[in-house]
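Colleague: Would you be able to build a 3D model of this:
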Amino acid sequence: MSALWIAHVKVTDEAAYMEYASRATGAIADHGGVFLVRGGPYEQLEGPDRPRNVVARFPSLQAAHDCYHSDAYQEALSFAKGAAERELVIVEEA
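Modeller: Next up, the predicted model:
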């Protein structure tokens, strides 16, 4: 079953976060991830407001997990640390 990678982000350092996004794009694609949402209009209904919302579809929960823990993604993630407040979850699609 496919899985969704869902991130809610408030960017605090635009330059560092864009470096993360640039590097993460390749790591995500290398694991079969395809972006469905990258920012855009949204309506916050509950919880903390994070104005950048990202959804990517992976071929499986394992592929999404492997992507997150890959060397390439972890290197990209080092640019996001301290540059954003974020939540990230992966969920298997029904």
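Colleague: Can you list the buried residues in the helix ranked longest in the chain?
Modeller: Looking only at the chain and at elements set by DSSP state H, the helix with the highest residue count is helix 14-30. Across helix 14-30, burial judged by 16 or more other CB atoms under 10 Å covers 16-17, 19-21, 23-24, 27-28. Using the backbone N, CA and C atoms, a C-beta is placed for each residue, glycine as well.
Colleague: now the helices: where do they sit in the protein?
Modeller: For the chain, applying DSSP H gives helices covering 14-30, 61-69, 71-80.
Colleague: which one among the buried residues of helix 14-30 gets closest to W5?
Modeller: For these, the minimum distance to W5 (CB to CB) is 7.5 Å, reached by I28.
Colleague: tell me the pLDDT at the closest one?
Modeller: The model reports I28 with a pLDDT of 98.
Colleague: Do you know the pLDDT at E14?
Modeller: According to the prediction, E14 has pLDDT 97.
Colleague: same thing with S22?
Modeller: Note on S22: pLDDT of 96.
Colleague: Please give me every residue in contact with it.
Modeller: By CB atoms under 8 Å, 6 or more residues apart in numbering, S22 lies in contact with A76.
Colleague: count of neighbours near A72?
Modeller: By other CB atoms under 10 Å, the residues close to A72 number 15.
Colleague: neighbouring contacts of stretch 3-18?
Modeller: With CB under 8 Å, 6+ apart, stretch 3-18 has contacts from 28, 33, 36, 47-61, 63-64, 67-68, 79-80, 82-93.
Colleague: Whichever of those end up buried, select them in ChimeraX.
Modeller: The following ChimeraX line selects those of the contacts of stretch 3-18 that are buried, judged by 16+ other CB under 10 Å:
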select :28,33,50,52,53,54,56,57,58,60,61,63,64,67,68,79,80,83,84,86,90
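Colleague: Go through the contacts of stretch 3-18 and flag which are in strands.
Modeller: Counting by DSSP state E, the part of the contacts of stretch 3-18 found in strands is 36, 52-58, 84-92.
Colleague: Thanks again, I'm all set now.
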